[in-house]
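> Give me the fold of what follows.
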Amino acid sequence: MTGLSATHRYLPPSARARRRSLWWTAIVLALLAPMAWLINLPYFAASAGPTDDAVDAVIIEEDLAVFHPEGELLLLTVSLQPVNLYEAAIAFFDQKIDLIERESLRPGGETDEEARRRNLRAMDRSKDIAIAVALSELGLEETLAEGVEVVRVFGEAPAFDALSDGDLVVEMESQPVRTVEDIRRILENRRPGDEVQVTVIRNAEPTDLSFALHENPEAPERAMVGITASTAYPIEIDSANYGGPSAGMIYTLAIIDLLEQGELTDGRVVAGTGTISMDGSIGAIGGIRQKLVAAEAAGADVVLVPRDNYDEAGAAPVEVEIVAVETISEAVSYLREGNAGIIEGQ
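So this is what the prediction gives:
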């Protein structure tokens with residue numbers, strides 16, 4: 001008599017086929033899983049980056065009165081990391097991380113190094129504007145101006161053979177030069193080709209120069225020196241390796257807080273992000289959700305954000321108080337008196 005052993009169960013052919021299929025699927029997935037680490041995607045994972053007190057980055061010459069606040073003005077950043085298939089899958093399900101197409105951050109095949117240099121240039125420009133706007137807000141812009149620093153001389157300009165990067169222009173046509181606006185005023189009635197006499201500080205020594213004025217490419221009848229320049233002040237900002245323009249607002253507030261008696265923060269931890277323009281307007285930035293996550297993790301009591309980022313900020317997975325501001329005056333008013341356009345308790 002034949003029969004089945006008690007330790008064996010009969011499986012019909014269809015069940016055996018399904019079992020083999022599952023085993024083969026498991027084997028294939030096991031073999032493919034390591035490859036997920038090797039497949040890089042054209043995306044960046046944007047997550048909360050480090051935070052720093054912007055006040056610590058401001059360097060002011062010793063002969064100026066400085067009032068160190070007890071509170072903090074936090075600079076917010078975003079961390080960008082290229083992702084493989086496995087990391088992208090994790091980021092997709094994490095509410096605090098966004099996947100951003102590489103092309104939107106590195107347009108035209110821009111390399112990481114090219115992007116780094118571009119962002120550092122944007123930061124340098126942002127710092128210059130932050131200093132000028134802060135001093136303007138305090139009424140000290142002209143008082144503390146030391147001259148006009150030459151950033152770059154146009155290669156096609158006659159001044160190319162006379163001026164050097166880093167020169168500090170302090171006099172033009174026997175008139176004192178303290179700000180960029182002074183140069184514009186002096187050249188207002190000059191024509192391209194006119195010769196000008198200039199005194200610069202070079203290597204800590206005054207140097208007299210002369211050169212012909214350059215033609216303004218946007219208005220050929222108007223004269224220009226042929227340089228990019230910025231007004232020099234006894235203030236510097238050490239931005240370390242941070243790039244981009246989004247720290248403009250918080251650096252501006254840090255300078256104001258240091259030079260003004262009294263305290264903007266009132267002992268609070270205030271975080272903020274937003275670009276700054278010469279007219280004091282605060283512009284939108286990228287990565288607002290991640291920056292809010294960073295602010296909350298750093299213990300911020302309130303976060304100042306550009307008005308144009310407010311709707312997106314409200315969708316961030318945080319509970320910290322968010323205040324939308326449009327100008328630096330509005331931000332200062334809120335910190336001093338609690339007045340601002342939009343306040344949202346999350």
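> low-confidence ranges in the protein?
Of all residues in the chain, those with pLDDT under 70 make up the ranges 1-38, 339-346.
> what comes up buried for the helix ranked longest in it?
Longest helix in the chain by number of residues (criterion: DSSP state H): helix 112-138. Residues 115, 119, 122-137 are the ones in helix 112-138 that count as buried (16 or more other C-beta atoms under 10 Å). Every residue, glycine included, has its C-beta placed from N, CA and C.
> Ok, stretch 184-192 next?
Under the neighbour-count criterion of 16+ other C-beta under 10 Å, stretch 184-192 has 186-187, 192 buried.
> contacts for that stretch?
The contact list for stretch 184-192 (C-beta atoms under 8 Å, 6 or more residues apart in numbering) reads 172-173, 175, 177, 196, 212-216, 220-225.
> can you pick the most crowded of the residues you listed?
Using other C-beta atoms under 10 Å as the neighbour test, those are led by Val225, with 26 neighbours.
> residues contacting that residue?
157, 159, 163, 183, 187, 196, 213-214.
> quick one: it and Val151, what's the gap?
As judged by C-beta to C-beta, to the nearest Å, Val225 and Val151 stand 12 Å apart.
> Now list whatever residues contact both of the two.
Any residue near both Val225 and Val151 by C-beta under 8 Å, 6+ apart counts here, and not one turns up.
> rewinding a little: of the contacts of stretch 184-192, which belong to strands?
If you go by DSSP state E, these have 172, 175, 196, 212, 214-216, 220-224 in strands.
> Need these in TSV (columns: distance to Ile237).
Output for these, formatted as TSV (distance: C-beta to C-beta, whole Å):
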residue	distance to Ile237
Met172	27
Gln175	30
Val196	32
Ala212	35
His214	30
Glu215	34
Asn216	31
Pro220	37
Glu221	38
Arg222	33
Ala223	32
Met224	28
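> Out of these, which two sit at the greatest distance?
Spatial extent of those (C-beta to C-beta) is set by the pair Gln175 and Pro220 at 25.0 Å.
> pretty sure Glu326 contacts Gly280?
No - under the criterion of C-beta atoms under 8 Å, Glu326 makes no contact with Gly280, lying 9.4 Å away.
> List the residues that contact the closest residue to Thr327 other than its chain neighbours.
Spatial nearest neighbour of Thr327, excluding adjacent residues (C-beta to C-beta, 6 or more residues apart in numbering): Gly280 at 4.9 Å. By C-beta under 8 Å, 6+ apart, the residues touching Gly280 are 133, 136-137, 327-329.
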